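>>> What would the 3D arrangement of this be:
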Amino acid sequence: MLAKRDLARDYFDLADLDDLPERYNIAPTQPILVIVAGERQQPGSNLPERKAMLVRWGFMPGWVKDPRDFPLLINARAETAIGKASFRAAMRHRRILVPASGFFEWRRPEGKGAKAQAYWIRPKKGEILAFAGLMETWSSADGSEVDTGAILTTAANNDIARIHDRMPVVIRPEDFSRWLDCKTQEPRDVTDLMKPIDDGFFEAIPISDKVGKVANMGPDILEPVEERAEEAPAETKKGADAPPSSPDQLSLF
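This is a model prediction of the structure:
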């Protein structure tokens, strides 16, 4: 079996990659690994060399003066990101890939006292995937810089819709170069990539609510539990780029 480092390096065709620690429960504002197009070309190819870097999970547009006055944007709606002021520049110039082994989501039933069910949602085949993302480097008044990022979301496919109405945008390996190519591929050229992944790609495994606490960081949070009886999901706000009220951790490399 390939080590996580080798798996990610081969999957994203990276020249090199530092060791990857096992991280099972990542929360907003924590660092996440992302893949960007480098300045040099890949050996024997006219495609840019890809490189990995860490960014803060929580997007901050460059024009924000005081982060305290701006909401934490961990997600960007794919349907509106091209035209929205917060994401317009990043969609044009700074598209990224976010390596992950899956993500967590909650089904929140209606009714007083009804308890939410957490799910570990992972690919049925393979150990790694890539979410579409955006990044921006925010500069403070004192000159310090922070690289920040957000994950693009789209309408849920049929497999995920019973749990939540949104899901991350998944970019397939054959589309990595096109998504990362911000020099020749304008946002309108990659809109076809920002759609729900095919039904059958993911499997949703019910897990305990331990995942809702960031302090719980061990692999035991992925252990399957008996699924609670399914009820109608509570309504979620439409059109918001800010995170919903449910926990927002993802499982990322």
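
>>> pLDDT weak spots in this structure?
Using pLDDT under 70 as the threshold, the predicted model of the chain has low-confidence ranges 1-3, 41-47, 230-249, 251-253.

>>> what does the helix or strand residue 38 falls within contact?
Residue 38 belongs to strand 31-41 when assigned by DSSP states H and E. By CB atoms under 8 Å, 6 or more residues apart in numbering, the list of residues contacting strand 31-41 from outside reads 8, 12, 14, 20, 26, 47-57, 94, 96-99, 130, 133, 135, 149, 176, 180-182, 250, 252-253. (C-beta placed from N, C-alpha, C; glycine too.)

>>> Can you tell me which of these end up in strands?
48-57, 96-99, 130, 133, 135, 149, 250, 252 (DSSP state E).

>>> What would the longest helix belonging to the chain look like as CSV? C-alpha coordinates only.
Taking DSSP state H as the assignment, the helix of the chain that covers the most residues is helix 4-11. Included here for helix 4-11 are C-alpha records, laid out as CSV according to Å, rounded to 0.1, in the frame of the first residue of the first chain:
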residue,chain,number,x,y,z
LYS,A,4,-0.2,8.9,2.1
ARG,A,5,2.7,11.0,0.9
ASP,A,6,3.4,8.8,-2.1
LEU,A,7,-0.3,8.4,-2.9
ALA,A,8,-0.9,12.2,-3.0
ARG,A,9,2.3,12.9,-4.9
ASP,A,10,1.4,10.4,-7.6
TYR,A,11,-2.3,11.4,-7.7
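
>>> hang on, the earlier thing: name the residues of the strand holding residue 38 that come out as buried.
Along strand 31-41, these residues count as buried under the neighbour rule (16 or more other CB atoms under 10 Å): 32-38.

>>> what would those look like in a markdown table with distance to residue 217?
Compiled in a markdown table, the buried residues of strand 31-41 are given as follows (distance: CB to CB, whole Å):
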| residue | distance to residue 217 |
| --- | --- |
| 32 | 15 |
| 33 | 16 |
| 34 | 20 |
| 35 | 23 |
| 36 | 26 |
| 37 | 31 |
| 38 | 31 |
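
>>> just those residues now: which is nearest residue 213?
Comparing the buried residues of strand 31-41 against residue 213 with CB to CB places residue 32 closest, at 18.9 Å.

>>> distance of that closest one from residue 109?
30 Å (CB to CB, to the nearest Å).

>>> Likewise for residue 169?
Distance from residue 169 to residue 109, counting by CB to CB: 26 Å.

>>> how about the helices in the stretch 51-200 of the chain?
Here the stretch 51-200 of the chain has its helices, by DSSP state H, counting those that start in this stretch, at 88-93, 158-161, 176-180.

>>> Return a ChimeraX selection command for the buried portion of the ones in strands among the contacts of strand 31-41.
For the buried members of the ones in strands among the contacts of strand 31-41, the matching ChimeraX selection, counting by 16+ other CB under 10 Å, is:
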select :48,50,51,52,55,56,57,96,97,98,99,130,133,135,149,250,252
